[in-house]
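Peer 1: My questions concern the predicted model and sequence given below.
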Amino acid sequence: MTSTCVESRGEVLVLDALAPPEDAQEVWGRLDANAPSVAVVLKPDHVRDVDLFVGRYSCRAFGPWLFFRGDAPETELEDLEPGVELPGGLLALYDGRYRMETPLWLPEQRALVFADALTERDGRLLVWGSRGHENRVLPALRKMLELPFEHVIVSHGEPVHDRSAFERALDLPPFRE
């Protein structure tokens, strides 16, 4: 699984934050030197280590308002939904999956960040199959092509892809577990 840390407009944001092991002093040192000001949970089952980051860095936290039983954070999260602009200018997008995920547009980095809407398998970026794939998800993802992104970051598999991989993924059969 992948977690993303991004600096944008003077803010440092951790997205779907996964804490490094306590003995990973180099990583913690970099985080401590440029402390996150915002932690973002993109998906209800990606709570991960948001409480740890909020406790350690006293950062603001954003995320969904609905969680799975036994997987809710202790931290009170500010609402994250399509159209919300986060500190640093990151914009929450709609992916057609009805609050199961809120991907982000990072304008300074020209990147899209996804939790599980897309995944990498066998070297290919794929849309993760879900209900409404053809009539909701694909149209929502195609709308993202209006954004001038160059990079796509996903949580599962190889994390960084380019725009052409995203475009190809929209025409491939969906990934199904």
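Peer 2: Nice, thanks for sending it over.

Peer 1: C-alpha from now on. contacts and neighbour counts both.
Peer 2: Will do.

Peer 1: quick one: contacts for the residue nearest to P103 when sequence neighbours are not counted?
Peer 2: Nearest in space to P103, with sequence neighbours left out and distances taken as Cα to Cα, 6 or more residues apart in numbering, is F114 at 4.8 Å. By Cα atoms under 8 Å, 6 or more residues apart in numbering, F114 lies in contact with L42, E101, T102, P103, L104, V152, I153, V154, S155.

Peer 1: what's the distance between F114 and R30?
Peer 2: Look at F114 and R30: by Cα to Cα, to the nearest Å, they are 24 Å apart.

Peer 1: which SS class is the spatially closest residue to R97 that is not a sequence neighbour?
Peer 2: In this structure, R97 finds its nearest non-sequential neighbour in V137, 6.3 Å apart by Cα to Cα, 6+ apart. Using DSSP: H, G, I helix; E, B strand; the rest coil, the secondary structure recorded for V137 is helix.

Peer 1: can you pull the contacts of V137?
Peer 2: For V137, the contacting residues are D95, G96, R97, taking Cα under 8 Å, 6+ apart as the criterion.

Peer 1: Excluding residues flanking it in the chain, which one is nearest the first one?
Peer 2: Yep, that's D95 we're talking about. Once its chain neighbours are removed from consideration, D95 has its nearest residue in A140; the separation is 5.2 Å (Cα to Cα, 6+ apart).

Peer 1: Am I right that the one you found falls within a helix?
Peer 2: Yes: following the definition three-state DSSP, A140 is counted among the residues of a helix.

Peer 1: Quick one: residues contacting it.
Peer 2: Y94, D95, G96.

Peer 1: R56 versus that one, what's the distance?
Peer 2: 36 Å.

Peer 1: now do D71
Peer 2: For D71, the distance to R56 (Cα to Cα) stands at 20 Å.

Peer 1: cool, and L112?
Peer 2: With Cα to Cα as the criterion, L112 and R56 are 27 Å apart.

Peer 1: who has more neighbours, these two?
Peer 2: More neighbours surround L112 than the other of L112 and R56, with 28 against 12 (other Cα atoms under 10 Å).

Peer 1: Over to the spatially closest residue to G83 that is not a sequence neighbour: give its phi and psi.
Peer 2: Counting by Cα to Cα, 6+ apart, A92 is the residue found nearest to G83 once chain neighbours are left out, at 5.4 Å. Recorded main-chain torsions at A92 are phi -80, psi 140, according to degrees, to the nearest 10.

Peer 1: returning to that earlier point: okay, the residue nearest to R97: pLDDT?
Peer 2: Looking at V137, its pLDDT stands at 97.

Peer 1: Same question for M1.
Peer 2: So, for M1, pLDDT stands at 86.

Peer 1: Look up how far M1 lies from the nearest residue to L90 once chain neighbours are set aside.
Peer 2: With Cα to Cα, 6+ apart as the criterion, L90 has its nearest non-adjacent residue at 5.0 Å, and that residue is L106. In this view, L106 and M1 are 20 Å apart by Cα to Cα.
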